[in-house]
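In: requesting a structural model of the entry that follows:
(chains A and B)
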There are 2 protein chains.
Amino acid sequence: MIKKYLLAPGPTMVPESVLLEMAKPMMHHRTSEFSNIFADVREKLKPIFGTKNDCLLISGSGTAAMEAAVVNTLSPGDKVLVVNAGKFGKRWAEICSKFQLDVMTIDLEWGRSVKVEQVESALIANPDTKAVFIQASETSTTAYHPVDKIGNLLKLFDNTLFVVDGITSVGVVETKMDEWGIDILVTGSQKAFMLPPGLSIIAMSEKAWRFVEKSKMPKYYLDLIKERKAQNNNTTAYTPAVSLIIGLNKVLDLMHEEGLENVYLRHSVCADATREAVKALGLQILAKDIPSNAATGFYLPDGIDGGKFVKFLRERMGVTFAGGQDHLKGKIVRISHLGYHDVFDTVVAISALELGLKKFGYEFEMGAGVKAAEEVIYKSRIKGL
Amino acid sequence: MIKKYLLAPGPTMVPESVLLEMAKPMMHHRTSEFSNIFADVREKLKPIFGTKNDCLLISGSGTAAMEAAVVNTLSPGDKVLVVNAGKFGKRWAEICSKFQLDVMTIDLEWGRSVKVEQVESALIANPDTKAVFIQASETSTTAYHPVDKIGNLLKLFDNTLFVVDGITSVGVVETKMDEWGIDILVTGSQKAFMLPPGLSIIAMSEKAWRFVEKSKMPKYYLDLIKERKAQNNNTTAYTPAVSLIIGLNKVLDLMHEEGLENVYLRHSVCADATREAVKALGLQILAKDIPSNAATGFYLPDGIDGGKFVKFLRERMGVTFAGGQDHLKGKIVRISHLGYHDVFDTVVAISALELGLKKFGYEFEMGAGVKAAEEVIYKSRIKGL
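Out: Model prediction:
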């Protein structure tokens, strides 16, 4: 028996109770039974988004929700600014380019977080910018961008939307969409919401809905006017991903029972413990400015092939980490702290990391990582009990 | 206890073994374990599509695959012909209009099947037609269109694609995409594939791929060039609906074990039994020319409110039928024969129908419907054993 631990930043582990909830017999989506669940889900999402706006569910990956943000609010030729600091920043730029927007980028070294001043200068130089696109947590680099501060800046720009990919931040860290001035916030099911992939969520401010009225881009499946109308009648424009929505209802109950503060604290403790452990092992963390609490990426020691390292741990030890993407492929490892993940998952992660490093010939003191992680966990969970 | 029977044309019942397969712990999608399943699924789909072409999986409802068919092959201003004979024919027209195509329609009364000659005349009058859109089975009317014959006609038109919505026909009746000359065939997970909704499938001929090269419509999430490249490497462009794909793998095993001929025969017997029962009860079937084996729609007796009728059976008897859509709302009932549905599901359906009709004051001989259904079932399943 090789017991399995899914510790990559999405899909994440799904609680057994949620798997069983989704395994119940299928129900029809045009019934009051489903509509009641659907309405509950949409209400329970709001405090996690930090919004009074409508949260709309889309059957599709997070990328579908990203595309929906673009095609519902803008028109070909509109100027937009993209913070390009990793694979998903690049994805914003790609989507915007495909839909014929005039794309400016702030290009950052992978691992950096953007500074508010960089966004401010770009906007001052380009006052006709219609939208700023960013990740809250850039999953490819495990860096967090200061979306609260940027949102605050954007409040001064009436004609510019602030569009945030919250795929690995909503449900991970406290997110105050309304207070921070985020106009569009998207996320997916397979991260903090600890569900299988296939469902995404988008919320939009009143300001964003005003942009929707003017948008001249064609859309059908992702037409949010149609979706809002349907969803505010407790149904969907097209057949929804029924089982994922039923799972989400259960997940939201679990999150609210735990208490959102505790959910965020749990992610924070696991992230902090991982970072301390990685440092104690003498490895360099990728996120240079503000590390994300969703996952921790770090460079492997020279000479270790990241692809082989991750494969060995997955196939021989049952522990799934993520490697690097694009130019960081083979060079880094990313350990998740997302979703159905508690402190002993972090202990397992660090232990597996140590065992792998030893196997691949790295010299270090065995146990030093776990010790550092335990110290963080002890301080947060046990000290003072 | 009110035991539940989901007998609407999608979502359909999911086999218990498939529910449990999907309830297994989540796996990461960028692993050889998932890639092997993914490759298997795509191979096992081909005989059901009747094609040697690539079957591409999309995380999204059937409508997403319909939109993919349009935006990947055509360009704004292209002339297209839509057979508009129900809600889903209308959906083809809506999608095509949204994406600025020049849309001609053949408008039929709901319940009718198009005649090949109607398509032929339209194409002769409009030789610059770039594509013909149709449903094989129009779920809203439970009528089947002769897509084999229309495909044969379309073989004479080198510059015209034949695009078929097979959402309630693929896996229901034998479908020979290649032989019949279908260029694009789409389907969804929640019908004959007896899965929860949220996954759709699209297959395209070499001719269709040549259109793709020339298409000038913007697309990102539904970009099939990107998907084909990824999927032929046994992965997906974006995070796939992992649990549904794992469920599909199991479903395809069940279908192939049963034998596709037997799957189609099962649908045919249940459909035939339902039609005979409905007629024996003195009710009028909606499909006038070629009834679909996916579901049977029929008019309720005058004075019975279809909404209340369907609600009563669902809430008080546990039996979910579908009502009518658009202008047929409240007037018809649709009983499904799709997916995880065998002859005794049909018996339950007819029995529930009789009990409901009695409750709502219709005068008829109790048991006459079930008797008619049993006669069909006996002939097919027992006689000669």
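
In: for the single nearest residue of the stretch 251-385 of chain A relative to chain B, grab the count of nearby residues.
Out: Taking Cβ to the nearest Cβ as the measure, the stretch 251-385 of chain A has residue A:320 as its residue closest to chain B, at 5.0 Å. Any C-beta I mention is one placed from the backbone N, CA and C, and that applies to glycine too. Burial of residue A:320 is recorded as 25 neighbouring residues (other Cβ atoms under 10 Å in any protein chain shown).

In: over to the one 5 residues further on?
Out: A total of 19 residues lie near residue A:325 under the criterion other Cβ under 10 Å.

In: which residues touch it?
Out: Each residue near residue A:325 by Cβ atoms under 8 Å, 6 or more residues apart in numbering or on different chains is listed here: A:87, A:140.

In: could you check how far it is from residue A:141?
Out: Residue A:325 sits at a distance of 9 Å from residue A:141 (criterion: Cβ to Cβ, to the nearest Å).

In: all helices of chain A, in order?
Out: Counting by DSSP state H, chain A has these helices, from start to end: A:16-22, A:32-49, A:62-73, A:87-98, A:116-125, A:147-154, A:177-180, A:206-214, A:224-231, A:242-258, A:260-280, A:306-317, A:343-359, A:368-377.

In: rounded mean pLDDT for the first one, please.
Out: For helix A:16-22, mean pLDDT rounds to 97.

In: and residue A:168, how many neighbours does it have?
Out: 34.

In: my read is that the residue of the stretch 251-385 of chain A closest to chain B contacts residue B:29, right?
Out: No: in this structure, residue A:320 sits apart from residue B:29 without contact. The criterion is Cβ atoms under 8 Å, and the distance is 10.7 Å.

In: the residue nearest to residue A:176 when sequence neighbours are not counted and chain B, how far apart?
Out: Setting aside the residues directly before and after it, residue A:176 is nearest to residue A:50 in space (Cβ to Cβ, 6 or more residues apart in numbering or on different chains), at 3.8 Å. With the distance defined as Cβ to the nearest Cβ, to the nearest Å, residue A:50 ends up 24 Å from chain B.

In: list phi and psi for residue A:50.
Out: phi 60, psi 50 (degrees, to the nearest 10).

In: and if you look at the one 3 residues further on?
Out: For residue A:53, the backbone dihedrals are phi -70, psi 160 (criterion: degrees, to the nearest 10).

In: how much space separates it from residue A:45?
Out: Here residue A:53 is placed at a distance of 10 Å from residue A:45 (Cβ to Cβ).

In: any shared contact partners between the two?
Out: residue A:203.

In: which non-adjacent residue is nearest residue A:12?
Out: Sequence neighbours aside, residue A:339 is the residue nearest to residue A:12 in space, at 3.7 Å (criterion: Cβ to Cβ, 6+ apart).

In: which of the helices of chain A is buried the deepest?
Out: Between these, helix A:62-73 has the highest mean count of neighbours, a mean of 26, where neighbours are mean count of other Cβ atoms under 10 Å in any protein chain shown.

In: give me the contact list for that one.
Out: A:58, A:91-92, A:95-96, A:99, A:101, A:131, A:161, A:163, A:165, A:167, A:184, A:186-188, A:200-202, A:204, A:208, A:211-212, A:215, A:217-219, A:222-225, B:59-60, B:64, B:220-221, B:238-239.

In: just the ones of those residues in strands?
Out: Assigned to strands by DSSP state E, the following of those qualify: A:58, A:131, A:161, A:163, A:165, A:184, A:186-188, A:200-202, A:204, B:59.

In: which of the residues you listed are buried? Put it as a PyMOL command.
Out: Remark: buried members of the ones in strands among the contacts of helix A:62-73, expressed as a PyMOL selection using 16 or more other Cβ atoms under 10 Å in any protein chain shown:
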select buried, (chain A and resi 58+131+161+163+165+184+186+187+188+200+201+202+204) or (chain B and resi 59)
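
In: including distance to residue A:177 and pLDDT, could the ones in strands among the contacts of helix A:62-73 go into a markdown table?
Out: Written out in a markdown table, the entries for these read as follows (distance: Cβ to Cβ, whole Å; pLDDT from 0 to 100):
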| residue | distance to residue A:177 | pLDDT |
| --- | --- | --- |
| A:58 | 17 | 98 |
| A:131 | 16 | 98 |
| A:161 | 13 | 98 |
| A:163 | 11 | 98 |
| A:165 | 13 | 98 |
| A:184 | 9 | 98 |
| A:186 | 11 | 98 |
| A:187 | 11 | 98 |
| A:188 | 16 | 98 |
| A:200 | 16 | 98 |
| A:201 | 12 | 98 |
| A:202 | 11 | 98 |
| A:204 | 9 | 98 |
| B:59 | 25 | 98 |
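
In: which residues touch stretch A:1-13?
Out: The contact list for stretch A:1-13 (Cβ under 8 Å, 6+ apart) reads A:139, A:142, A:167-168, A:188, A:190-192, A:194, A:196-197, A:294-295, A:316-322, A:334-336, A:338-341, A:345, A:348-349, A:352, B:25-29, B:239, B:242.

In: buried ones among those residues?
Out: Applying a neighbour-count criterion of 16+ other Cβ under 10 Å, the buried members of those are A:139, A:142, A:167-168, A:188, A:190-192, A:194, A:196-197, A:294-295, A:317, A:319-322, A:334-336, A:338-341, A:345, A:348-349, A:352, B:26-29, B:239, B:242.

In: the helices of chain A: which one's closest to residue B:75?
Out: Comparing these by their distance to residue B:75 (Cβ to Cβ), the top pick is helix A:87-98, with 14.8 Å.

In: quick one: average pLDDT of that closest one?
Out: Model confidence over helix A:87-98 averages 98 on the pLDDT scale.

In: correct me, but residue A:326 touches residue A:89?
Out: No: contact between residue A:326 and residue A:89 fails when scored by Cβ under 8 Å: they sit 11.4 Å apart.

In: can I get the helices of chain A in JSON lines including distance to residue B:21?
Out: Compiled in JSON lines, the helices of chain A are given as follows (distance: least, Cβ to Cβ, whole Å):
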{"stretch": "helix A:16-22", "distance to residue B:21": "11"}
{"stretch": "helix A:32-49", "distance to residue B:21": "23"}
{"stretch": "helix A:62-73", "distance to residue B:21": "25"}
{"stretch": "helix A:87-98", "distance to residue B:21": "31"}
{"stretch": "helix A:116-125", "distance to residue B:21": "47"}
{"stretch": "helix A:147-154", "distance to residue B:21": "39"}
{"stretch": "helix A:177-180", "distance to residue B:21": "37"}
{"stretch": "helix A:206-214", "distance to residue B:21": "40"}
{"stretch": "helix A:224-231", "distance to residue B:21": "30"}
{"stretch": "helix A:242-258", "distance to residue B:21": "13"}
{"stretch": "helix A:260-280", "distance to residue B:21": "30"}
{"stretch": "helix A:306-317", "distance to residue B:21": "21"}
{"stretch": "helix A:343-359", "distance to residue B:21": "25"}
{"stretch": "helix A:368-377", "distance to residue B:21": "35"}
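
In: domain ranges for chain A?
Out: Following automatic domain parsing, one gets these domains for chain A: A:5-10+A:259-382, A:16-257.

In: can you tell which of those domains is closest to residue B:365?
Out: Closest of the domains of chain A to residue B:365 is domain A:16-257, at 30.2 Å (criterion: Cβ to Cβ).

In: how far off centre is that closest one?
Out: With Cα atoms, centre = their mean, to the nearest Å as the basis, the distance from the averaged C-alpha position of domain A:16-257 to the chain average is 10 Å.

In: next one: residue A:242 from residue B:249, what distance?
Out: For residue A:242, the distance to residue B:249 - Cβ to Cβ - is 20 Å.

In: hang on, I meant residue A:337
Out: Relative to residue B:249, residue A:337 is positioned 30 Å away (Cβ to Cβ).

In: residue A:200 against residue A:60, yeah?
Out: Yes: here residue A:200 reaches residue A:60: they are 5.7 Å apart, a contact under Cβ under 8 Å.

In: show me what contacts residue A:357?
Out: For residue A:357, the contacting residues are A:281, A:301, A:304, A:364, taking Cβ under 8 Å, 6+ apart as the criterion.

In: run the last query once more with 7 Å
Out: By Cβ atoms under 7 Å, 6 or more residues apart in numbering or on different chains, the contact set of residue A:357 is A:281, A:364.
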